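[1] Sequence and predicted structure are below.
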Amino acid sequence: MFQQAHAMLPSATHDEAAREDFCSSLRKMFTTELFPGTRALYANKLLPEFERKHGRKPESQREAAELMQSSFYYRGSNVVGRAAQELVWDTVGESVERQLPELVERAKPKADALGTVRTNPDMAMPRYIEAVDIHVMPGNFHTEIGPDDVYAGALYDRGVHVFAFGGLGDRNEQLGAAIAAWLKENRPDFHPRRILDVGCGPGFTTVAWKEAYPDAEVHGIDVGAPQVRYGHARAEAMGTAIHFSQQDGTDTDFPDGYFDLVTSMLVTHEMPVPMIQALFKESHRLLAPGGITLHDGGADPLDDPFDTLMTSWFGINANEPFSAQFRALDFHAALVKAGFAEDKIFKGQREAVYLKGQLPPISLAGAVKD
Amino acid sequence: MQETSKAARKPRQRWAKGQSRPRYLQPDDLDKMMIMFVALLSEVSALRDRIDTHEAVAELGADATTAAIEAYELTPERHARREAGRQAMLTRVLRAITEERDEAVSETAGDTLSELLA
């Protein structure tokens, strides 16, 4: 329910907390009532009407979208969902901005730190990062609004908890915990010495990986300097030794074969396919023999255009322009193209960590390096 | 006496002669109005929470000063009660949107019922 406090977590005044609570309630209403209601309306009314008229189901996503657009329920609930999406970032952003000078001060690396942090002001920002504010989060993950800035990291830590109404865990750790648990269950003899978490953001998954494999040297990289600065301070506040650096996962400065595990979570669906391909290639370069690369994705494409429309909600309404291509990507072929052997590629699945039964299971795809 | 003076007076004029009111909004503005409407709901909800904190502070026997309201630590029980209240408010406010869904679902339930009765 409440987010677990740590030294870096933004505080909230009475009214800031009240507005954030409203955002969570609205997101909950949208996610658990309005959005699934679309399915009920389609099944009980719109589809039968369409079938009576045309003698068949909608055949394309466009036809399904036109049918849904004829309903005020669909139009009205979607604008409420979009409003919630915008309101989360604006509400949390106002609170973070108010206390930003303190947060920046608190985030500065300490001499007795367990882990490290490196930023790279000369890093060329990928065009797809600069072009789109993912999730309609103004400034995206990387924009810096001052020296030693941590704004986007703090915004994401608090914002994700508000957005998911706590469903990703009281430290937003559940997705990371789920993918790490899958690996431990399916590869019980795998003991990575070094782990790289790509697109780590504030380190939700990175901390989870360190907790799953406490003896491993764990690195988190992100294109956003505010993410790795905040992620470092957050991990330190949690007593977790992690090495953060500002890097693009398609072109890192680590030596060949340095890692036993190169992984990402909820990152590839925000990347254009050529960038995903480049990430897999870089993962192959970075892995030692026997090392594993593991990412979410690779779910089987849906047959029904209405189902496809439903899974495209964030693509259409929340600035995830690359997610449709991602869903169509053949992960097996992409991993082979990146250099992994045909017979070393695997798939996995784990049930959703929240809204079970409503969200699809988490699909995982990966490969072992020869 | 009062009635006489009321009868002698015309009601105040509530519209202005001259140019008609300009047309302001365009169809696309509706979406922005909805964004504003939802933001305003957030303000109403925050105000409701603030009143609830006044009540909570009073129940603790303290004066509801600004400092006391800021210092109040929300209990899980009260948080859950507020959450239920917010969901109920949203259910009321969004009825014009949800009635189409609710009607479709209840019609189907009605079909099932008539099938059962047949």
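    Yep, it's here.
[2] make it CA atoms for all contacts and neighbour counts henceforth
    Will do.
[3] Chain B: helices as residue ranges?
    B:2-8, B:29-59, B:66-71, B:76-93, B:95-117 (DSSP state H).
[4] Among those, pick out the one with the most neighbours on average.
    With neighbours defined as mean count of other Cα atoms under 10 Å in any protein chain shown, the helices of chain B peak in mean count at helix B:29-59, which reaches a mean of 17.
[5] rewinding a little: minimum distance to residue A:7: which of the helices of chain B has it?
    Comparison of those against residue A:7 by Cα to Cα identifies helix B:66-71 as nearest, at 18.6 Å.
[6] distance between that closest one and the chain's centre?
    Put simply, helix B:66-71 sits 26 Å off its chain's centre (Cα atoms, centre = their mean, to the nearest Å).
[7] re the thing from before, how about a markdown table for the helices of chain B, with distance to chain A added?
    Shown next, in a markdown table, are the helices of chain B (distance: least, Cα to the nearest Cα, whole Å):
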| stretch | distance to chain A |
| --- | --- |
| helix B:2-8 | 47 |
| helix B:29-59 | 5 |
| helix B:66-71 | 5 |
| helix B:76-93 | 7 |
| helix B:95-117 | 5 |
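[8] my guess is residue A:65 contacts residue A:308, does it?
    No - taking Cα atoms under 8 Å as the definition, residue A:65 is not a contact partner of residue A:308, at 10.0 Å.
[9] Can you classify residue A:353 by secondary structure?
    Assigned with DSSP: H, G, I helix; E, B strand; the rest coil, residue A:353 falls in the coil class.
[10] got a list of what it touches?
    Taking Cα atoms under 8 Å, 6 or more residues apart in numbering or on different chains as the definition of contact, the neighbours of residue A:353 are A:167, A:168, A:174, A:175, A:178.
[11] Show me the strands in the stretch 1-150 of chain A, by range?
    Along the stretch 1-150 of chain A, counting by DSSP state E, counting those that start in this stretch, strands occupy A:116-118.
[12] Enumerate the residues of it near chain B.
    Near chain B, the residues belonging to the stretch 1-150 of chain A are A:13-15, A:18-19, A:21-23, A:25-26, A:29, A:34, A:37-38, A:40-41, A:44-45, A:72-73, A:76-77, A:79-80, A:83-84, A:87 when assessed by Cα under 8 Å from any Cα of the partner chain.
[13] returning to that earlier point: which among the helices of chain B is found nearest to residue A:190?
    Of all those, helix B:76-93 sits nearest to residue A:190, with 41.0 Å by Cα to Cα.
[14] Quick check: mean pLDDT of that closest one?
    The average pLDDT for helix B:76-93 rounds to 98.
[15] Show me the longest helix that occurs in chain A.
    For chain A, the longest helix by residue count, based on DSSP H, is helix A:72-98.
[16] Which strands and helices lie in contact with that one?
    Judged by 3 or more Cα pairs under 8 Å, 6 or more residues apart in numbering or on different chains; DSSP states H and E, the packing partners of helix A:72-98 are helix A:14-29, helix A:35-41, helix A:151-163, helix B:29-59, helix B:95-117.
[17] closest one to residue A:59 among the helices of chain B?
    Using Cα to Cα as the measure, helix B:95-117 is the one of those that comes nearest residue A:59, at 22.8 Å.
[18] which stretches of chain B aren't confidently modelled?
    Counting by pLDDT under 70, the ranges of chain B that qualify are B:1-6, B:108-118.
[19] same question, chain A
    Residue ranges of chain A with pLDDT under 70: A:1.
[20] change it to 80
    For chain A, the stretches flagged by pLDDT under 80 are A:1, A:357-358.
[21] check contacts around the most centrally placed residue in it.
    Most central in chain A under Cα atoms, centre = their mean is residue A:266, positioned 3.2 Å from the mean C-alpha point. Residues in contact with residue A:266, defined by Cα under 8 Å, 6+ apart, are residue A:296.
[22] what about it, which SS state?
    In three-state terms, and counting by three-state DSSP, residue A:266 is coil.
[23] roughly how far apart are it and residue A:297?
    For residue A:266, the distance to residue A:297 (Cα to Cα, to the nearest Å) stands at 8 Å.
[24] how far away is the residue lying closest to residue A:251 once chain neighbours are set aside from residue A:136?
    For residue A:251, ignoring the flanking residues on the chain, the nearest one in space by Cα to Cα, 6 or more residues apart in numbering or on different chains is residue A:282 at 6.6 Å. According to Cα to Cα, residue A:282 and residue A:136 sit 29 Å apart.
[25] now do residue B:14
    43 Å.
[26] Kindly report the same for residue A:310.
    Remark: distance between residue A:310 and residue A:136 (Cα to Cα) = 19 Å.
[27] Spatially central residue for chain B, please.
    For chain B, residue B:93 is the residue whose C-alpha lies nearest the centre (Cα atoms, centre = their mean; 5.7 Å).
[28] give the contact list for residue A:173.
    Listed by Cα under 8 Å, 6+ apart, the contact set of residue A:173 reads A:204, A:205, A:207, A:208.
[29] Let me know the closest of these to chain B.
    Closest approach to chain B among the contacts of residue A:173 (Cα to the nearest Cα): residue A:204, at 24.4 Å.
[30] Can you give me the neighbour number for that closest one?
    Residues contacting residue A:204 under the criterion other Cα atoms under 10 Å in any protein chain shown number 23.
[31] which non-adjacent residue is nearest it?
    Using Cα to Cα, 6+ apart and skipping the chain neighbours, the partner closest in space to residue A:204 is residue A:173 (5.1 Å).
[32] Same check on residue A:368?
    residue A:292 (4.5 Å).
[33] Who does that neighbour form a beta bridge with?
    Per DSSP bridges, the residues bridged to residue A:292 are residue A:261, residue A:368.
[34] The closest residue to chain B within the stretch 201-350 of chain A: what's it in contact with?
    For the stretch 201-350 of chain A, the nearest residue to chain B under the criterion Cα to the nearest Cα is residue A:317, separated by 12.8 Å. Listed by Cα under 8 Å, 6+ apart, the contact set of residue A:317 reads A:78, A:82.
[35] redo that, cut-off 7 Å
    Listed by Cα atoms under 7 Å, 6 or more residues apart in numbering or on different chains, the contact partners of residue A:317 are residue A:82.
[36] With residue A:6 instead?
    Residue A:6 sits next to A:237, A:238 when contact means Cα under 7 Å, 6+ apart.
[37] Next, count neighbours for residue 60.
    Since no chain was named, I'll use chain A. With other Cα under 10 Å as criterion, residue A:60 counts 15.
[38] that's the other chain; I wanted chain B
    A count of nearby residues for residue B:60, using other Cα under 10 Å, gives 11.
[39] for the one 5 residues further on, same thing?
    When neighbours are counted by other Cα under 10 Å, residue B:65 registers 11.
[40] Now the phi/psi pair for it, please.
    According to degrees, to the nearest 10, the main-chain angles of residue B:65 amount to phi -80, psi 170.
[41] Wait, residue A:293 touches residue A:365, no?
    No - in this structure, residue A:293 is not within contact of residue A:365 by Cα atoms under 7 Å, at 8.4 Å.
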